[in-house]
Every structure is written in C-alpha cells, then in structure tokens.
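A.B. asks: my questions are about this predicted structure, shown below with the sequence.
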Amino acid sequence: MKSRFHGAATLSVLAVSALALSACTSTDGGDGGEAAAGGESEVSLINPGTLTVCSDIPYAPFEYVEDGETVGFDIDLVNNIAEDMGVETEFITTSFEAIETGSALDTDQCDLAASGMTITEERESVMDFSEPYVADNLGLLVAPGSGIGSVADIEGRRVGVQQATTGETYAQENGADVVQYEDSALMIQGLNTGDVEAVVANISVTGPAIDDNPELELVEEIETGEELGLAVKTGNTALLEQVDESLAAMEEDGTLEDLKAEWLGATGAEGSASPEPAAS
C-alpha cells in the first residue's frame with residue numbers, strides 16, 4: 001500500500017484555517033479555557049477530560065485483553081499521547097469496518113481510531129491520518145500439510161482474512177476463495193481448526209500467531225510497503241497536530257522504539273520478534 005505523509009506545510013495551512021474559523025476549546029471542556037502554547041487551537045474532545053479511542057479488539061499485538069485488562073502496542077502508544085494531553089483514555093471496542101470506513105469517527109463515537117490500521121488512499125478520503133508509526137508488510141501464514149508454499153499457490157484455495165483489511169483485498173486479487181472473519185483471533189482459530197488452509201494478514205499479526213501456535217508457518221512475506229497510522233475525524237486538525245507532536249517526541253526520545261521492541265519483537269513488523277499474546 002502507498003504510504004501517506006502529512007507535510008508540515010499542509011498542517012500549517014490547516015492550523016491557520018482552523019484558527020480563523022473556530023474559537024479555542026479546552027480539552028477539559030471548560031468554556032474559555034487558556035489557549036494552547038503558541039496560540040494554537042486547543043483540542044476539543046467528545047467527553048471532556050477523556051481521549052475516547054475506537055479500537056478493534058482483539059487484534060494482538062496492538063490491542064487485546066489479558067487478565068481482564070486491555071493491553072497492546074496501540075494501547076501504550078495512545079496512553080502516551082493522552083499523558084501529553086493531560087487527559088485520561090477510554091477504549092471502545094469497535095468493528096474494524098466501522099473504523100476503516102470512518103463512520104465511527106464521523107458519528108462521534110470516538111476522538112481517535114487506533115487499530116493497527118494501514119494508511120490507504122481510500123481511507124484517507126474519509127478520515128485524517130497521523131504520521132506513520134509502524135511499517136508493516138503482509139504475510140502468508142499456512143497450516144501444516146497445506147501444500148501452499150507461496151502466494152502463487154492460493155488461487156482457488158480457502159484463505160482466511162479479517163474483513164475490511166488490506167489482507168482481504170490482496171487475497172481476493174490473487175484468486176483465493178476468501179473466508180472473512182470478524183477479528184484476527186477468529187481468523188487464526190479458523191486456520192487451526194482447518195476451516196481455512198492459510199491466512200493473509202499483516203506481519204505484526206502473524207508473528208504473535210506463530211509464537212502462540214508453533215505448528216503454523218509463515219511461508220512468504222509480501223512486500224506491500226504498508227504503514228500504520230492513527231486516525232481522526234476529517235478536519236480535526238487540532239487533535240491531529242497533537243497526535244503528530246506526541247509521536248515525534250516518542251520517536252526522538254526512544255519511547256517508540258521501546259514499544260516496538262516490547263510488542264513487536266524480532267519476527268513482527270519492521271523485522272522484530274513478537275511476544276506471545278494472551279487468548280482473547
């Protein structure tokens with residue numbers, strides 16, 4: 001998938017436009033709160049004092065439940081952003097279809113979408129993305145004895161995908177008999193039970209699946225150039241700028257690399273192994 005970068009010049013124009021069109025709104029919901037540093041518009045949240053986040057759970061290692069607590073790469077990432085903003089976080093389990101079509105953001109179910117989501121042209125038409133925070137190719141994961149050794153072998157074969165993902169699109173384009181699953185956990189379960197012979201999913205997902213199911217085999221990494229981003233409602237410039245500032249700070253001080261090492265490890269996205277996720 002093509003990567004998408006939001007240039008500083010574009011952000012500056014949007015910021016000026018936002019200032020000209022709207023008054024400042026405090027993140028704590030107060031009327032007439034103090035202006036943000038540098039005179040920029042403050043972030044308006046749907047629930048004052050709380051950054052509400054739509055996330056497709058479970059989607060290990062980005063977001064899943066362990067011992068009754070929602071954990072993962074995106075969870076830690078967003079918590080860092082919320083800390084910079086001085087607000088709490090609330091994660092709402094949302095179908096990936098509602099996230100990637102922009103409907104969850106457009107209907108104000110949440111301020112931010114964080115769900116290991118690839119930046120694509122189609123998605124950019126319905127929401128605004130942050131700078132990319134992870135590079136993540138697709139992978140072809142197969143069950144023992146499948147006889148599938150590469151993408152060239154999936155034509156006409158039952159291949160599992162998570163619905164509305166880039167993996168689904170790729171499998172369809174290569175002639176697979178595509179079987180949709182609502183979430184990644186059900187997709188891997190389908191592979192283990194023989195419902196499908198293979199799955200196409202991001203490397204960041206196939207890594208943890210192999211850790212938890214050593215009999216599965218990653219037979220091909222598919223170079224797609226995909227990059228993952230966080231998303232906000234189209235035109236929510238103030239929040240987008242805050243997110244990008246926090247991501248840049250995490251990049252500079254090493255926090256982002258630490259999160260990648262913790263959650264993605266040496267066989268996941270960007271060439272690192274993934275930890276073993278809890279069943280959820």
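C.D. replies: Perfect, thanks for sending it. Here the structure is a predicted model, which is why all the values come from computation and not from measurement. Numbers count the residues shown, from 1 in each chain.
A.B. asks: going forward, measure contacts and count neighbours with C-alpha atoms only.
C.D. replies: OK.
A.B. asks: touching the helix or strand encompassing residue 104 from outside, list them.
C.D. replies: Residue 104 is part of helix 103-106 when elements are defined by DSSP states H and E. The contact list for helix 103-106 (Cα atoms under 8 Å, 6 or more residues apart in numbering) reads 54, 94, 98, 99, 110, 111, 112, 113, 127, 232, 233, 234.
A.B. asks: just the CA atoms from it would do, formatted as PDB, please.
C.D. replies: Only the C-alpha atoms of helix 103-106 are listed here, as PDB (Å, rounded to 0.1, in the frame of the first residue of the first chain):
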ATOM      1  CA  SER A 103     -18.200   6.000  10.300                       C
ATOM      2  CA  ALA A 104     -17.100   5.600  14.000                       C
ATOM      3  CA  LEU A 105     -15.300   8.900  13.800                       C
ATOM      4  CA  ASP A 106     -18.000  10.700  11.800                       C
END
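A.B. asks: give me the mean pLDDT for that helix.
C.D. replies: Average pLDDT, helix 103-106: 98.
A.B. asks: following element in sequence after it, please.
C.D. replies: Using DSSP H and E, the helix or strand that follows helix 103-106 in sequence is strand 112-113.
A.B. asks: what is the mean pLDDT for that next one?
C.D. replies: Across strand 112-113, pLDDT averages out at 98.
A.B. asks: thinking again about what came up before, kindly reformat the contacts of helix 103-106 as a markdown table containing distance to residue 226.
C.D. replies: Formatted as a markdown table, those follow (distance: Cα to Cα, whole Å):
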| residue | distance to residue 226 |
| --- | --- |
| 54 | 21 |
| 94 | 22 |
| 98 | 20 |
| 99 | 18 |
| 110 | 24 |
| 111 | 24 |
| 112 | 20 |
| 113 | 17 |
| 127 | 17 |
| 232 | 19 |
| 233 | 21 |
| 234 | 21 |
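A.B. asks: neighbour-wise, which one of the residues you listed leads?
C.D. replies: Using other Cα atoms under 10 Å as the neighbour criterion, residue 113 leads the contacts of helix 103-106 with 31 neighbours.
A.B. asks: quickly list the domain ranges of this protein.
C.D. replies: Listed by automatic domain parsing, the domain ranges of the chain are 8-130+226-271, 138-222.
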